[in-house]
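Student: okay, sequence plus prediction incoming.
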Amino acid sequence: MSSNPAKEDALRDLGITVAQRSPLFVPEHAENARYLATKRARMAHDVPDHQSGVWHELLQGRVPTEISDGVDRELVDIYAPIVDAGSPFVLAQLAQSLDGFIASSTGDANFVSGPQDRQHLHRLRALADAVIVGAGTVCSDDPQLTVRDAPGDNPVRVVLDPKGGSRALPRC
């Protein structure tokens, strides 16, 4: 397991049969992004799928002009207007269950949309800097508000509490 193809070549040069090399990707964060980019640029380390192609370009704030297939075209058609809008940009999205509540009466979250809708929502989050959620929702549902179903960075979760004060988190 290695993201460095030179290691595979070195083993073969020694006469060792390499049946398979599986890339080992380290999650990229602000603290290690430059280091990982250097390894990819200077030593040809493997690039994770989510760090290449149309979606990666959109995450970097660039709208690709060369589009190879229908899936890439769909990504550009849907998300390019958001990328092109610049900053500041506000996008509102609300998810509710069929009875009008975001969580069930017991406080348990229930999926009320399908996998495609969740992936779309998570892509929108990946393009956002922050997601605003109400204190009541945090107390009853505590949503993760992450990008679990799409490559990208999780947005910052901002909790609005109309009963406010200077608390960092609402009293539930």
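Tutor: Right, received. Where do you want to start?

Student: the residue nearest the centre of the chain and Val133, how far apart?
Tutor: Against the mean C-alpha coordinate of the chain, by C-alpha atoms, centre = their mean, the closest residue is Gly152 at 2.6 Å. Taking C-beta to C-beta, to the nearest Å as the measure, Gly152 falls 18 Å from Val133. (Each C-beta comes from the backbone N, C-alpha and C, glycine too.)

Student: again, but for Val71
Tutor: 30 Å.

Student: and Arg12, what does it touch?
Tutor: Contact analysis of Arg12 by C-beta atoms under 8 Å, 6 or more residues apart in numbering lists Val18.

Student: which pLDDT value belongs to it?
Tutor: Per-residue confidence (pLDDT) for Arg12: 92.

Student: same check on Glu31?
Tutor: Here the pLDDT value assigned to Glu31 is 78.

Student: now do the helices in the chain.
Tutor: Here the chain has its helices, by DSSP state H, at 5-13, 33-43, 53-59, 70-84, 115-127, 135-140.

Student: you'd agree the residue nearest to the centre of the chain is up against Leu127?
Tutor: Yes - Gly152 lies in contact with Leu127 (C-beta atoms under 8 Å); the separation is 7.3 Å.

Student: between those two, which contacts overlap?
Tutor: In contact with both Gly152 and Leu127: Leu59, using C-beta under 8 Å, 6+ apart.

Student: and Val71 and Val133? Which one has more around it.
Tutor: Shown here are Val71 and Val133; by other C-beta atoms under 10 Å, Val133 has more neighbours (17 against 12).

Student: how near is the more buried one to Asp46?
Tutor: 36 Å.

Student: now swap in Leu11 and tell me
Tutor: 16 Å.

Student: of those two, give the one with the bigger neighbour count.
Tutor: Each of Leu11 and Asp46 has its neighbours counted (other C-beta under 10 Å); Asp46 has more, 18 against 14.

Student: list the contacts for the more buried one?
Tutor: 3-5, 23, 25, 40 are the contacts of Asp46 under C-beta under 8 Å, 6+ apart.

Student: tell me what Val156 is bridged to.
Tutor: Val156 forms beta bridges with Ala130, as assigned by DSSP bridges.

Student: isn't Pro5 up against Arg21?
Tutor: Yes - if you go by C-beta under 8 Å, Pro5 and Arg21 touch, sitting 7.1 Å apart.

Student: low pLDDT regions in this protein?
Tutor: 27-29, 49-52, 93-113, 165-171 (pLDDT under 70).

Student: please name the nearest non-neighbouring residue to Pro115.
Tutor: Nearest non-adjacent residue to Pro115, counting by C-beta to C-beta, 6 or more residues apart in numbering: Asp149, 7.3 Å away.
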